[in-house]
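Novice: With the input below, show me the fold.
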Amino acid sequence: MTPPDHPAEDLNLRHLLARAVGVEQRIRHAVEARRSTDPDPQDAFRGLYLTDENIARLLDVEGARGFPDPIGTDTAPAADGDSRLASLEAGFGLTALDIEILLIALVPDLDERFEAFYGYLNDDVTRRRPSIGLALGLCGLSPADAVARGRLAARAPLRHAGLLLAEDLDRPFLSRALRVPDRVTAHLLGDDTRDPRLADLLAPWHAVEGVGDPAPLARVLADGLPLAYLSEDQGGAGTALAASALALAGHGVLGLDLARLAQDPAPADAVRSLVREARLTDAGLVCAPLDALSREHPHLLRLLTATPVPTVIVGRVPWDASWSTVPPLLLHAPRVEPSARGALWADAYRRTTSAPLPDAVDPDHLLAPFLLTPEQVTGAARSAAQTAQLDGGTLTPGHVRQGARAQNAAGLDRLARRIEPTVNWHDLVLPPDAHAQLRELTARARHRDRVLGEWGMRPGGGRGRGVSALFAGDSGTGKTMSAEVIAADLGLDLYTVDLATVIDKYVGETEKNLERIFTEAAGVNGVLLFDEADAIFGKRSDVKDAHDRYANVESAYLLQRMESFDGLAILATNLRANLDDAFTRRLDLVVDFPVPDPEQRLLLWERCLGPLLPRGTDLDLAFCAENFELAGGNIRSIAVTAAYLAADTGGAVTMTTLIHAIQREYQKLGRLTLASEFGPYLGLVQG
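Specialist: Numbers count the residues shown, from 1 in each chain. Here you go, the predicted model:
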């Protein structure tokens, strides 16, 4: 094997081949020694069986070997300080013997002739890799040398770091084959392609400017800090801050998705491959989210926290000291504040498409209600650009909001019913004060980060940046529709909590179900609506038996959980008096929904019948609004019933049709058809 001498040849390849030349000389020496003692070199079946003469010859080990002097610093070629082999030696703490063994195992991957050499020396044509005994012999060492054997033990640097694999573990120690993993071979040859084993586990987390100050963390990482934990809230910039700090400290960045690692069939093997990749490329690890491993896979956390590479873990759960023998540096990662969110989105949008940002699109305003991580902001920009391209290429505010909603996790869909809002402020018919309160609620949701975060208007107590409100009123007065209008105005989805999935007769289960809902809601930008909230947010009572005690515990838990919630929660109830007073204190707004007056009912009749439904000339909606004291939900139900009746007859909605639909609604409500209400149309009812 002759190393290339052209000056343009790659430095790593030149140095590697130069070292391999020394290995080749040792193998040639061993082959010649073997041939000189072989009684029948022309035997066609050599390597497939052992004769008595062969056994006798192999027993005379000392006379058969004839290997050169043991390898040492004086006999090994000097390593080029700029080569990857030299970096490997320094970075992994390898000795000259380790390097020589590594080269012996590596050369079959550089020159296929060595497979034949090793098959010959192993006296077995099927074993074309060097065995441990052969490698020690080629280095001039006795197979019984305890120190030399220790360099090939499972916990020795070569094998423990994954630079060298020992195969055929069921065979005796000296007979086990040695192999260099493909990723290590590629690295030594100058290839920086990531290990394919990690393809499904790596996350594209990278440094982001303008999000927090990475300098303090970078300083301690550069000084050798092995482990840090960044706790964060919804929309936190933990991964971006960690990546920025590692880059500032002079390291590369390897992002590990812990949720994917938890699903890996061999997670411990994946961690070893990840650590090897980080050490080969002088990278640090950014691991998130911690929540994915903290409960069911603490052993994987102990593996990650014991690595010899700088590691920053990001999550939302408190750190448990049992997860690591090394105490981590505990920090809190900031959120992406409104002042930085729009700039990040615009920058990601420019990188995605060459189309200019329209003047009508203001990312700062549109993204204000959303709590997004830097990675989610980038994903939202790309999603908006793709949707705009599908719709003709012009970006609209709707595309921006749709892209932001696309970053929501899907877990909450299993616990609550998701509603895509289709109504707006024009569809609401409410008294002016209620309407103004709903506008104030949207303003709170849109500017909470600035008021509660940048201005610090809710200090202490561990309280979140959530916004909560109570909608109180009779059935059908517009509580659910108002929640939908608020969600539409903010560009969010509406999630209606199904009480059937929450309330449980067993002690403690209701709290667990609610905790799952709040936990999943923390990963979603949406409006959380608890309908019939008095069923689970009821008043605490005097303790007379165990049932009262546990009911009070349930209410107390809900009080605490609502206060720490970071999202927008709306409680709707028909029985405001049944709610605990402590809830009312913790609410931002309480909006009363009264039964509409005649003027509002006339508007409701007009809007519920709609512009497309054919109407008869005898319709007297003013009479209906004045005489029938109905809520908006009842009026909508009557309008739908009248539409079905008109469709069945093939005609328009007449007063006869409408009175008949009102009669059916009265029957549902259990109300009497009084002459004082139906007036001149009572005959239509009797008819």
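Novice: pretty sure Glu89 is touching Glu100, no?
Specialist: No: because the distance of 10.9 Å does not satisfy Cβ atoms under 8 Å, Glu89 is recorded as not touching Glu100. For glycine as for every other residue, the C-beta is placed from the backbone atoms N, C-alpha and C.
Novice: Compare the two (neighbour count), which wins?
Specialist: Glu100 (26 against 17; other Cβ atoms under 10 Å).
Novice: Who are the packing partners of the helix or strand containing that one?
Specialist: If you go by DSSP states H and E, Glu100 is part of helix 96-106. Judged by 3 or more Cβ pairs under 8 Å, 6 or more residues apart in numbering; DSSP states H and E, the packing partners of helix 96-106 are helix 11-36, helix 84-91, helix 132-138, helix 157-160, strand 178-179.
Novice: got the angle between the longest one and helix 96-106?
Specialist: Using axes from the mean of the first three to the mean of the last three Cα atoms, to 10 degrees, the inter-axis angle of helix 11-36 relative to helix 96-106 is 80 degrees.
Novice: so how far is Leu609 from Tyr118?
Specialist: From Tyr118 across to Leu609, the span is 89 Å (Cβ to Cβ, to the nearest Å).
Novice: Ok, Leu674 next?
Specialist: 24 Å.
Novice: the more surrounded of these two?
Specialist: Per other Cβ under 10 Å, whichever of Leu674 and Leu609 has more neighbours is Leu609, with 22 against 11.
Novice: How about that one: what's its closest non-neighbour residue?
Specialist: Ala639 (5.1 Å; Cβ to Cβ, 6 or more residues apart in numbering).
Novice: what's the next secondary structure element after the host helix or strand of the one you found?
Specialist: According to DSSP H and E, Ala639 maps onto helix 632-649. Downstream of helix 632-649, the next assigned helix or strand under DSSP H and E is helix 655-669.
Novice: can you list the domains in this structure?
Specialist: Per the record, the chain has its domains at 11-188, 196-332, 338-407, 425-593, 598-686, by automatic domain parsing.
Novice: Between these, which one is closest to Leu415.
Specialist: Of all the domains of the chain, it is domain 425-593 that lies closest to Leu415, at 5.1 Å by Cβ to Cβ.
Novice: And the domains of the chain, which one averages the lowest pLDDT?
Specialist: Out of the domains of the chain, domain 11-188 stands lowest, with a mean of 77 (criterion: mean pLDDT).
Novice: That domain: how far from the chain's middle?
Specialist: Centroid displacement of domain 11-188 relative to its chain, using Cα atoms, centre = their mean, to the nearest Å, is 44 Å.
Novice: got it, and stretch 356-373?
Specialist: 23 Å.
Novice: Likewise for stretch 581-597?
Specialist: For stretch 581-597, the distance to the chain centre is 36 Å (Cα atoms, centre = their mean).
Novice: Could you dump the domains of the chain into a markdown table with distance to Leu415 added?
Specialist: Listed next are the domains of the chain as a markdown table, based on distance: least, Cβ to Cβ, whole Å:
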| stretch | distance to Leu415 |
| --- | --- |
| domain 11-188 | 42 |
| domain 196-332 | 17 |
| domain 338-407 | 18 |
| domain 425-593 | 5 |
| domain 598-686 | 25 |
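Novice: Please identify which of those domains is closest to Arg417.
Specialist: Nearest to Arg417, of all the domains of the chain, is domain 425-593, at 4.7 Å by Cβ to Cβ.
Novice: hmm, back to that, burial measure for the residue nearest to Leu609, as a count.
Specialist: Ala639 has 19 neighbours, counted by other Cβ under 10 Å.
Novice: and what of Gly150?
Specialist: By the criterion of other Cβ under 10 Å, Gly150 has 10 neighbours.
Novice: which residues does it contact?
Specialist: Neighbour list for Gly150: Ala156 [criterion: Cβ atoms under 8 Å, 6 or more residues apart in numbering].
Novice: Please report how far it lies from Glu167.
Specialist: 19 Å.
Novice: Ile635 too?
Specialist: Separation of Ile635 from Glu167 (Cβ to Cβ): 78 Å.
Novice: can you check Val502 too?
Specialist: Plainly put, Val502 is 54 Å away from Glu167 if you go by Cβ to Cβ.
Novice: Please identify which of these two sits among more neighbours.
Specialist: For Val502 versus Glu167, neighbours defined as other Cβ under 10 Å are more numerous around Val502 (20 against 12).
Novice: Can you give me the neighbour number for the nearest residue to that one once chain neighbours are set aside?
Specialist: Residue nearest to Val502 in three dimensions, not counting chain neighbours: Asn513, with 4.7 Å by Cβ to Cβ, 6+ apart. For Asn513, the neighbour count with other Cβ under 10 Å is 18.
Novice: What does Asn513 show for phi and psi?
Specialist: Dihedral pair for Asn513: phi -70, psi -40, per degrees, to the nearest 10.
Novice: same thing with Asp264?
Specialist: When quoted as degrees, to the nearest 10, the phi and psi of Asp264 stand at phi -70, psi 140.
Novice: ok, it touching Ala270?
Specialist: Yes: counting by Cβ under 8 Å, Ala270 is a contact partner of Asp264 at 5.0 Å.
Novice: Residues that sit against both of these two, list them.
Specialist: In terms of Cβ under 8 Å, 6+ apart, Asp264 and Ala270 are both contacted by the residues Leu201.
Novice: which ones are touching the residue nearest to Gly616 when sequence neighbours are not counted?
Specialist: Nearest residue to Gly616, sequence neighbours excluded (Cβ to Cβ, 6+ apart): Thr654, at 3.6 Å. Applying Cβ under 8 Å, 6+ apart to Thr654 gives the contacts 616, 618-619.
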